[in-house]
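J.: A predicted structure for the sequence below; I have some questions about it.
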Amino acid sequence: MNKALVVDDSKTIRMILRRMLKEVGFEVCEAANGKEALAVMDGEQDVVTLVLADWNMPEMNGLELLKRLRQRSELSSLKVVMVTTEAETGHMNSAMEAGANEYVMKPFTKDILLEKLSRIGVLPMACA
């Protein structure tokens, strides 16, 4: 089973993303900020294949988390999708330059999320 890590300081957004991902076959773990996400990845790096991260979070934001994940050579195949309200082109460019595989704007629909996940090749076979 594919495993995803949802990183967002909003419990509601984590719940929405968890539900969407479970419906398409992912096992899901959660973190409320980048620091928590790094701690989760320390124990789950061999099984997490996808990270969905918000940009604006306390303690460590999503861009810093993305940069830290991309510094780890053992996570080179990890897919990272920024899921954020940051609509400025500069933010999107910064995320893509830092190694994001995709960028999803809030609010989003399940169809938009699944399209982005399909585009980066992480949907379980039953959903492709």
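T.: Nice, I can see it.

J.: please enumerate the strands of this structure.
T.: In the chain, the strands defined using DSSP state E lie at 3-7, 27-31, 48-53, 79-84, 102-105.

J.: what's near enough to touch the spatially most central residue of the chain?
T.: Nearest residue to the geometric centre of the chain (Cα atoms, centre = their mean): residue 52, 1.2 Å. Going by Cβ atoms under 8 Å, 6 or more residues apart in numbering, residue 52 touches 4, 5, 6, 7, 8, 17, 21, 81, 83, 104. Placement of C-beta: from N, CA and C, glycine included.

J.: what pLDDT does it get?
T.: Listed pLDDT for residue 52 reads 98.

J.: indicate which one of the strands of the chain is closest to residue 123.
T.: Closest approach to residue 123 among the strands of the chain (Cβ to Cβ): strand 48-53, 9.6 Å.

J.: listing partners with orientation, what would you give for the closest one?
T.: Sheet pairing here is set by DSSP bridges, and for strand 48-53 it gives strand 3-7 (parallel), strand 79-84 (parallel).

J.: and the helices in this structure, which stretches?
T.: Using DSSP state H, the helices of the chain run over residues 11-23, 34-44, 62-70, 89-98, 110-119.

J.: to residue 76, which of these lies closest?
T.: helix 62-70 (8.3 Å).

J.: in this protein, where is pLDDT below threshold?
T.: Along the chain, segments meeting pLDDT under 70 span 1, 124-128.
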